[in-house]
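Peer 1: the sequence and its predicted three-dimensional model are supplied below.
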Amino acid sequence: MTDVTVNSTICDFVHEIHGELKGDKIIIDIESPCEKIQQMSHMEVPMMEILDIKDNYVMVKAQEAKCSSNCLVPCGILNVCRIEAGFLAKSLAQRSGPMCIEFK
């Protein structure tokens with residue numbers, strides 16, 4: 001199981017993303033105060049549909065939920081999926097620490 005926190009400071013929401021590989025799908029559950037993100041919870045993401053940044057299951061679901069283009073949650077979900085699928089080492093992600101966008 002992989003757990004991440006996405007702190008969306010622009011919209012002032014904190015989202016908890018939980019993912020677990022089951023067979024060839026990654027089960028994603030999200031705890032979020034955002035109604036749009038709540039629509040994306042309980043996803044069964046096909047493991048091989050997370051590789052392309054544009055044409056992938058998570059981005060399609062984000063588009064269907066009408067997420068803003070600056071929403072960080074889809075990126076967080078994709079990172080959880082990549083860890084669960086074995087495409088990104090969990091130890092590397094943990095060692096690297098938080099990801100952020102810094103406005104200057």
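Peer 2: Thanks, I have it. Numbering: from 1, shown residues only.

Peer 1: the longest helix seen in the chain - what's its average pLDDT?
Peer 2: When the chain is parsed with DSSP state H, its longest helix is helix 73-85. The average of the pLDDT scores along helix 73-85 is 93.

Peer 1: ok, and the closest non-adjacent residue to the residue nearest the centre of the chain?
Peer 2: Per Cα atoms, centre = their mean, the C-alpha nearest to the average position across the chain is that of I77, at 1.0 Å. Among residues not flanking I77 along the chain, V58 sits closest, at 5.0 Å (Cβ to Cβ, 6 or more residues apart in numbering). For glycine as for every other residue, the C-beta is placed from the backbone atoms N, C-alpha and C.

Peer 1: in which helix or strand does the one you found reside?
Peer 2: In the assignment (DSSP states H and E), V58 maps to helix 57-64.

Peer 1: buried sites along that helix?
Peer 2: 57-59, 61-62 (16 or more other Cβ atoms under 10 Å).

Peer 1: tilt between the strand of greatest length in the chain and helix 73-85?
Peer 2: If you go by DSSP state E, the chain has its longest strand at strand 13-22. Here strand 13-22 points in a direction 30 degrees away from that of helix 73-85 (axes from the mean of the first three to the mean of the last three Cα atoms, to 10 degrees).

Peer 1: between the following helix or strand past strand 13-22 and helix 57-64, how big is the angle?
Peer 2: Downstream of strand 13-22, the next assigned helix or strand under DSSP H and E is strand 25-31. Angle, strand 25-31 to helix 57-64, by the same axes, to 10 degrees: 40 degrees.

Peer 1: what sits up against the following helix or strand past strand 25-31?
Peer 2: Beyond strand 25-31 on the C-terminal side, the first helix or strand identified by DSSP H and E is helix 35-38. Around helix 35-38, the neighbours that count as contacts under Cβ atoms under 8 Å, 6 or more residues apart in numbering are 13, 15, 30, 32, 65-67, 71, 73.

Peer 1: now swap in stretch 41-50 and tell me
Peer 2: Under Cβ under 8 Å, 6+ apart, the answer for stretch 41-50 is 21, 24-32, 56-58, 61, 77-78, 81-82, 85, 87.
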